[in-house]
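Engineer: coords below, sequence missing:
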């Protein structure tokens, strides 16, 4: 897929979040998914979201 993010000076965090969410989706579609991997990716998403919130608050 191709994503276009407009209206943001630095969209690298958005793209990183989207890529991480896509990897979670891919992993969840596998019959026997890797729980530690999914947990790590979820916390990675939460970290990115927190950074985005801090950046908006500045």
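Structural biologist: Received the coordinates, thanks. Computed from a predicted model, the values in this text were never measured in an experiment.
Engineer: Residue 14 and residue 42, how far apart?
Structural biologist: Distance of residue 14 to residue 42, computed by CB to CB, to the nearest Å: 17 Å. In short, each C-beta sits where N, CA and C put it, glycine included.
Engineer: Identify the residue nearest the geometric centre of the protein.
Structural biologist: In the chain, the centroid-proximal residue (CA atoms, centre = their mean) is residue 17; its distance is 2.2 Å.
Engineer: shouldn't that one be in contact with residue 46?
Structural biologist: No - counting by CB atoms under 8 Å, residue 17 does not reach residue 46; the two are 10.0 Å apart.
Engineer: Going by neighbour count, which residues of stretch 19-32 are buried?
Structural biologist: 20, 24 (16 or more other CB atoms under 10 Å).
Engineer: what pLDDT, on average, does it get?
Structural biologist: Averaged over stretch 19-32, pLDDT sits at 85.
Engineer: Which residues does that stretch contact?
Structural biologist: 1, 33, 34, 37, 38, 41, 42, 44, 45, 48 (CB atoms under 8 Å, 6 or more residues apart in numbering).
Engineer: Filter the residues you listed down to just the buried residues.
Structural biologist: Counted by 16+ other CB under 10 Å, the contacts of stretch 19-32 give 41, 44, 45, 48 as buried.
Engineer: Going along the chain, name the helices of the chain.
Structural biologist: Per DSSP state H, the chain carries helices over the ranges 12-28, 35-57.
Engineer: Would you mind getting the angle between the shortest one and helix 35-57?
Structural biologist: Put plainly, it is helix 12-28. Using axes from the mean of the first three to the mean of the last three CA atoms, to 10 degrees, the inter-axis angle of helix 12-28 relative to helix 35-57 is 160 degrees.
Engineer: about what we covered before: and the buried ones among the contacts of stretch 19-32 as TSV, adding pLDDT and distance to residue 26?
Structural biologist: Formatted as TSV, those follow (pLDDT from 0 to 100; distance: CB to CB, whole Å):
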residue	pLDDT	distance to residue 26
41	89	10
44	92	14
45	92	14
48	91	18
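Engineer: Good, wrapping up.
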